[in-house]
Every structure is written in structure tokens, then in C-alpha cells.
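Undergrad: Coordinates for the following, if possible.
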Amino acid sequence: MRTANEREGDLESQIGACRVGEQRVLQLIDKYGESKLQALIEELLDYSERLVRAELRTMPAGSFSAEDWLDDDGVTDDVRRIAVRLRFDPYSASVDVDFAGSSVQVAGSVNAVRAITLSACFYMLRCLLGEDAPATAGILRPLTLHTSVGSIVDALPPAAVAGGNVETSQRMVDVLLRALSQAVPARVPAASAGTMSNLTIGGIDPRTGEPFTYYETAAGGMGARPGIDGVSGVQTHMTNSLNTPIEALEYAYPFRVRRYAYRDGSGGAGQFRGGDGLVREVELLADAQVTLLADRRKLRPYGLQAAWKARPVAHPFTRQAAPKRRSYPENAAVACPKETYCKSKLRAVAVGARPDPDFTGCVRTENSKLSPAGTADSSPGRQSWVVCAVEKSRRDG
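TA: Coordinates of the predicted model:
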């Protein structure tokens, strides 16, 4: 999220990067010639394809199916199904991926376009390769993708799709890896946190009088791997954002970070534990609007090989002075008076993870009235709030 000045800088930087890229390509053509450069590009694509096909030849022949759900779509409370079937043919070194049975596109913003679904498949195949394998379009050549047009994994206009890229893509990966674990159980980890926990905060910075916007995803726990525990407090799967240092956050925004720590014991239990999540508390020093897009509040990340589940994600909105608690929708925006802080808790599951009963859910205070659009109205000067953005964990393996 950016203000106008920041967005202008971003766009100018992107344009500049494209121009530099153009110059570098022309320099390569001058050095090697156009035909040789094209041949090298094709060889790189072919090399990626050969690596994937070599892996697919080691897969057991047959079909492997899995399913999982999104908590809801942010408009209704109904869970949304993501289903997949992988069919491996080691003789042709190919894989057929079919998302039949997934929910139809929904009113909320968790719909994904087909390109996102294809990206999740790309990620699954890339995970089968070594770290030095080139991530090119050649990886997709052995894959055939089937989706139902108008479904949550192949949405059509005017479906809202903002959350499809950041949340539904994570669930697709969970389902793909769950199916893959049936084919090669010794190579696949249990479910990770399963949500990017997108937190945005906006308002007017009292230090400058200028508007500010803050957007960050929160890390969680990595699912336990065969023979080894999962990693705590890391970004997993379809997210690649880095942690913002506390010093930079407090310098750039009217925030104060009160706590940033692992949430001990939040990962799923099993022979090999899932990684623990994080607790992040941010005090707001100015009036602001807070929006959260997250999942895994109701349905916990799965474990493998009879492991137990991790604790669910939690993002209660709470006033510091003993608030009353009420249920809050998934894609919620709340206006927060200053002198408030935001708690963010994230965790993962294990190979053999256990469910955790102590989930507080989402709450808000009496001093705010939720509008039909999902925005809480609050006037400045009211009692301070605690905004618990997200609690995320992974399962044991």
C-alpha cells in the first residue's frame, strides 16, 4: 500500500528498471548475436523441462486427491472448498492437475483467476527441484491444468480477486502438497501457517500532517518436515515479503512496537513439531483505520502421518479496558483511536499436530459500531484499542 508520492516513486522505479533491462538485452544481442541468444534462451527453458520430467518419472503412477477449505469469503460464513486431483504418468513424465469440485466463485474477494492457480502448480513442481534449478516457464511444460470456468480457482469478471492472490493461493498450495504427500510422503512437509495475514493501517501522521499507509504480511510457522521439526516465524509458500525492522517501522510510521516474539507451543505437536507462530503488538500513536485479510481462523492447518493440528489464526480487535467480545468478519476494517496497539499472532502445524482449544477469535469493543459494509465507526478521543491482527501457526509433520 502506498500514498500518492510513494506510488509515483514506485512507478518511476519500475519504468527505469524496464529501460535498464532493455539495454542489457540489446547488449547481449550485440555480444552473442540474436540467433545465438535465442538458442540459449530456448536451452534454458528446455533444461528446466528436463529437470521436472526427470522428477516426474520417479513418481508412482496413479491419481492422488486432496481437499481443504477457506474459512469463508468475508461476506458469508460458509466455508469454501478447494479440491484437487493429481494424476502422475511416469511413462510420459507428465502430471495432470484437476481442480474439479472446488467452490464456485464467491461474492467476497477470495476468488482467484486461473493464472494464480497455475502459479500454485508451478510452485509445487519447483519445490521438487534443487535450489539451483532455473525457475522458467519450461517447468510447466509437463503439466496439464484443468479448472472450471467461474469457480473460485478460475474466476470471471466481475468477481473480486484481491484475496485470491494472497490467501486462496496459499490454500491451493496446501491442497496440492497434501495430494502430493500421498505419492511421495517422505518428501512433503505438513501444512504451514496457510495465510499471509495481510494487515493494512492508514491515517494522518501527526508528525507531518501527511497521509500514511502501512501494509505488511505476517510470518508464521513452517510445517514439520519428514525427520525434522518445522521452522518458526518464517514466510512460507506463496509469499516472499521480508520482515520490516522495528526501527524502520517506528521511524516511518506513528507506531510503537510493544512486543515481537515467538508464540511458544503454538505449532502442532507430533513426532516432529510444526514451527511456532509469532506475536506482534503494535501501538498506534495516531487515529487510523485498520484492515485485515487473513484465514485459518476456523479451520486449522492439517498434519500428516497422524500428527495433531496447530492452533488457529487469531486476530481479535480489543479495547485495552476489558472490552466486550463479538464476532468479527474476515475482511474487516475498523477505525481505531490513537494510543492503541495491534497484536499479531501467527503459527503453523506439525507432522502429527494437535488441536489447541484456546482460540479467542475476533472481538471488538462497545465503543465502535459495525456498519453493514464491515467498517467500524469510532470517533477520536475514545478509549484505546488493542488490534490483534493475526495468529498463525503450522502443523506438525
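Undergrad: mind checking how far Ala286 is from Pro206?
TA: Between Ala286 and Pro206 the distance is 5 Å, computed by C-beta to C-beta, to the nearest Å. In short, each C-beta sits where N, CA and C put it, glycine included.
Undergrad: who has more neighbours, these two?
TA: With neighbours defined as other C-beta atoms under 10 Å, Ala286 and Pro206 compare such that Ala286 has more, 20 against 12.
Undergrad: Now do the buried residues in stretch 220-232.
TA: Buried positions in stretch 220-232, judged by neighbour count with 16 or more other C-beta atoms under 10 Å: Gly220, Gly221, Met222, Gly223, Ala224, Arg225, Pro226, Asp229, Gly230, Val231, Ser232.
Undergrad: With pLDDT, secondary structure and distance to Tyr253 added, can I get the residues you listed in JSON lines?
TA: As requested, those are exported to JSON lines (pLDDT from 0 to 100; DSSP: H, G, I helix; E, B strand; the rest coil; distance: C-beta to C-beta, whole Å):
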{"residue": "Gly220", "pLDDT": "90", "secondary structure": "strand", "distance to Tyr253": "22"}
{"residue": "Gly221", "pLDDT": "91", "secondary structure": "coil", "distance to Tyr253": "26"}
{"residue": "Met222", "pLDDT": "93", "secondary structure": "coil", "distance to Tyr253": "28"}
{"residue": "Gly223", "pLDDT": "92", "secondary structure": "coil", "distance to Tyr253": "32"}
{"residue": "Ala224", "pLDDT": "92", "secondary structure": "coil", "distance to Tyr253": "35"}
{"residue": "Arg225", "pLDDT": "90", "secondary structure": "strand", "distance to Tyr253": "36"}
{"residue": "Pro226", "pLDDT": "90", "secondary structure": "coil", "distance to Tyr253": "41"}
{"residue": "Asp229", "pLDDT": "93", "secondary structure": "coil", "distance to Tyr253": "34"}
{"residue": "Gly230", "pLDDT": "93", "secondary structure": "coil", "distance to Tyr253": "31"}
{"residue": "Val231", "pLDDT": "93", "secondary structure": "coil", "distance to Tyr253": "28"}
{"residue": "Ser232", "pLDDT": "92", "secondary structure": "coil", "distance to Tyr253": "26"}
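Undergrad: ok, of those residues, which one's closest to Phe272?
TA: Taking C-beta to C-beta as the measure, Phe272 lies nearest Ala224 of the buried residues of stretch 220-232, at 4.1 Å.
Undergrad: Looks like the closest one contacts Gly274 (just checking).
TA: Yes - contact criterion C-beta atoms under 8 Å: Ala224 and Gly274 qualify, at 5.0 Å.
Undergrad: Please enumerate the helices of the protein.
TA: Ranges of helices in the chain, per DSSP state H, are 4-32, 34-56, 114-127, 162-163, 169-183, 246-252.
Undergrad: what about those, which gets the closest to Leu156?
TA: Closest to Leu156 of the helices of the chain, according to C-beta to C-beta: helix 114-127, at 9.7 Å.
Undergrad: Just the residues contacting stretch 42-59, thanks.
TA: By C-beta atoms under 8 Å, 6 or more residues apart in numbering, the residues outside stretch 42-59 that reach it are 88-90, 93-95, 125, 128-130, 133-139, 141-142, 183-184.
Undergrad: Please repeat the previous calculation with a cut-off of 6 Å.
TA: Under the contact criterion C-beta atoms under 6 Å, 6 or more residues apart in numbering, stretch 42-59 has outside partners 88, 90, 93, 95, 125, 128-129, 133-134, 136, 138-139, 141-142, 183.
Undergrad: Next: stretch 60-78.
TA: By C-beta under 6 Å, 6+ apart, stretch 60-78 touches 79-87, 90, 106-108, 110, 171, 174-175, 178-179, 182-183, 295, 297-299, 329-331.
Undergrad: Can you tell me how far the closest residue in space to Ser48 that isn't next to it in sequence is from Met172?
TA: Nearest residue to Ser48 in three dimensions, chain neighbours excluded: Gly138, at 3.4 Å (C-beta to C-beta, 6 or more residues apart in numbering). Gly138 sits 21 Å away from Met172, going by C-beta to C-beta.
Undergrad: Compare these two (neighbour count), which wins?
TA: A count of neighbours by other C-beta under 10 Å puts Met172 above the other of Gly138 and Met172, at 29 against 21.
Undergrad: Report the separation between Gly246 and Ala252.
TA: Careful, residue 246 is Ile and not Gly. Note on Ile246: its distance to Ala252, by C-beta to C-beta, is 11 Å.
Undergrad: same thing with Pro60?
TA: Distance of Pro60 to Ala252, given as C-beta to C-beta: 51 Å.
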